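Visitor: Structure, please.
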Amino acid sequence: MLDPLEVAAEPNRRRLLQLLAAGEKTVTELAGEFTVSRSAISQHLLLLEQAGLVSARKEGRNRFYRPDPRGMNELRRLFDQFWTHELDLLVADAHELSQSELPTSKEKS
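Guide: This is a model prediction of the structure:
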């Protein structure tokens with residue numbers, strides 16, 4: 001399986017996920033929102049599907065795409081894990097900085 005963070009990081013695929021959050025759409029409906037070809041959108045959707053972020057159902061000649069709740073939950077978990085780590089580092093850096101800037105008792109006199 002592909003790395004969902006890596007797949008979702010590409011701007012066109014992020015936009016596809018945003019558009020699909022509003023509801024199920026076909027490739028044709030989605031392609032109308034982009035300047036790239038319908039074929040390029042299909043390729044992006046294929047990667048999103050392989051990463052588990054979207055699922056598709058076939059109806060006649062159309063494929064309808066929608067976010068896959070399991071994949072999106074995993075993406076959120078991965079992002080939250082990354083974000084928490086980064087925030088922890090920021091807090092530690094801020095604490096160190098504040099400790100180094102506190103005046104000593106000699107400086108107060």
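Visitor: Please enumerate the strands of this structure.
Guide: Taking DSSP state E as the criterion, the chain carries its strands at 25-26, 54-59, 62-67.
Visitor: number of nearby residues for Arg14?
Guide: 13 (other Cβ atoms under 10 Å). Every C-beta, even on glycine, is put in place using the N, C-alpha and C of the backbone.
Visitor: Make sure it is actually in contact with Val7.
Guide: No - when contacts are counted by Cβ atoms under 8 Å, Arg14 is not listed as touching Val7 (9.7 Å).
Visitor: dump the residue contacts of the residue lying closest to Glu49 once chain neighbours are set aside.
Guide: Nearest non-adjacent residue to Glu49, counting by Cβ to Cβ, 6 or more residues apart in numbering: Ala56, 6.2 Å away. Listed by Cβ atoms under 8 Å, 6 or more residues apart in numbering, the contact set of Ala56 reads Leu45, Glu49, Arg63, Phe64, Tyr65, Arg66.
Visitor: Please determine how far Ala56 is located from Leu45.
Guide: Noted for Ala56: a distance of 7 Å to Leu45, by Cβ to Cβ, to the nearest Å.
Visitor: overlap in contacts of these two?
Guide: Shared contacts of Ala56 and Leu45, counting by Cβ under 8 Å, 6+ apart, come down to Tyr65.
Visitor: residues contacting Arg63?
Guide: Contact analysis of Arg63 by Cβ under 8 Å, 6+ apart lists Thr26, Val27, Ala56, Arg57.
Visitor: Tell me the one of these nearest Ala92?
Guide: Relative to Ala92, the closest of those is Ala56; by Cβ to Cβ it sits at 43.7 Å.
Visitor: Any idea what that closest one is bridged to?
Guide: Taking DSSP bridges as the rule, Ala56 bridges to Tyr65.
Visitor: Enumerate the positions of stretch 15-26 that are buried.
Guide: Leu16, Leu17, Leu19, Leu20, Lys25 (16 or more other Cβ atoms under 10 Å).
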